[in-house]
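Enquirer: no sequence on this one, just coordinates:
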């Protein structure tokens, strides 16, 4: 049993990239999500292992630091591994490399194991033997500045109704969909003028089909923080760092 799982040589297509021919943040999260699923399958706590037990993993935080631009046509390899759990948090890191073997991005994430009926948080022991035999690693790909994103009092910039195409098999908006929703709070001109050096997402409350999302935005000198609210409750936060 290997602690690592690899998604190898994914060549970026037009649909993976934005108007600047750079990888979309949603495409990057989709690739890392596939790597996480492959790793969990190999380690014995994948979707097919947990669903019959009424259990599942949901991601609650993601941080990504870019090491170099990732462009249309690049062939990427994603490497991932789990770190030792901390109470109800399961950490997982990723390295994304280009065809030359150069590190293009490094990501850190935190996940929670949940009861799929109540979505209450569970401890690692609920995984049984898969947890006790898992060869966790202490190695970090990147250290987030902090897992918690300070709440802002940003200005409303847009509203959006979550639709069926946004949702996954847990019937909530998939984590990889959020970057597109948040980046639509910017114009193409704004995004063309600045390069994203890192981003961070906090997933706080599930968003379901039909929920109306209200997006706010607060800009700093080298960063922007956006928040999504549904029914007056904070659902997600997104922080962009610019170089």
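Expert: Alright, I've got the coordinates. The shown structure was predicted, so the numbers you read here are calculated from the model rather than taken from an experiment.
Enquirer: how close does the most centrally placed residue in the chain get to residue 238?
Expert: Nearest to the geometric centre of the chain sits residue 62, at 4.6 Å (C-alpha atoms, centre = their mean). Look at residue 62 and residue 238: by C-beta to C-beta, to the nearest Å, they are 10 Å apart. C-beta: built from backbone N, CA, C; applies to glycine.
Enquirer: Between those two, which contacts overlap?
Expert: Between them, residue 62 and residue 238 share these contacting residues under C-beta atoms under 8 Å, 6 or more residues apart in numbering: 200-201.
Enquirer: ok, back up a step: pairing partners for the residue nearest to the centre of the chain in the sheet, please.
Expert: Listed by DSSP bridges, the beta-bridge partners for residue 62 are residue 109, residue 201.
Enquirer: How about the contacts made by it?
Expert: By C-beta under 8 Å, 6+ apart, the residues touching residue 62 are 29, 107-110, 175, 200-201.
Enquirer: will you turn the residues you listed into TSV that also has distance to residue 219, pLDDT and neighbour count?
Expert: Putting the contacts of residue 62 into TSV (distance: C-beta to C-beta, whole Å; pLDDT from 0 to 100; neighbours: other C-beta atoms under 10 Å) gives the following:
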residue	distance to residue 219	pLDDT	neighbour count
29	23	97	24
107	24	98	25
108	25	98	21
109	26	98	26
110	26	97	21
175	24	95	22
200	15	98	23
201	17	98	25
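Enquirer: any idea which of those is closest to residue 218?
Expert: The nearest member of the contacts of residue 62 to residue 218, counting by C-beta to C-beta, is residue 200 at 14.1 Å.
Enquirer: measure the closest one to residue 150 for me?
Expert: Between residue 200 and residue 150 the computed distance is 11 Å (C-beta to C-beta).
Enquirer: Check residue 112 too.
Expert: Distance of residue 112 to residue 150, computed by C-beta to C-beta: 21 Å.
Enquirer: So which of these two has more stuff around it?
Expert: A count of neighbours by other C-beta atoms under 10 Å puts residue 112 above the other of residue 112 and residue 150, at 20 against 9.
Enquirer: Do you know the pLDDT at that one?
Expert: The score at residue 112 is 96. That number is its pLDDT.
Enquirer: can you give me phi and psi for it?
Expert: Backbone torsions of residue 112, given as degrees, to the nearest 10, read phi -130, psi 140.
Enquirer: I'd say it and residue 87 touch.
Expert: No - at 10.0 Å, residue 112 does not count as touching residue 87 under the criterion of C-beta atoms under 8 Å.
Enquirer: now the strands for this protein?
Expert: Counting by DSSP state E, one finds strands in the chain at the ranges 5-11, 55-66, 75-82, 90-97, 103-115, 121-122, 155-161, 196-203, 212-219, 223-230, 233-242.
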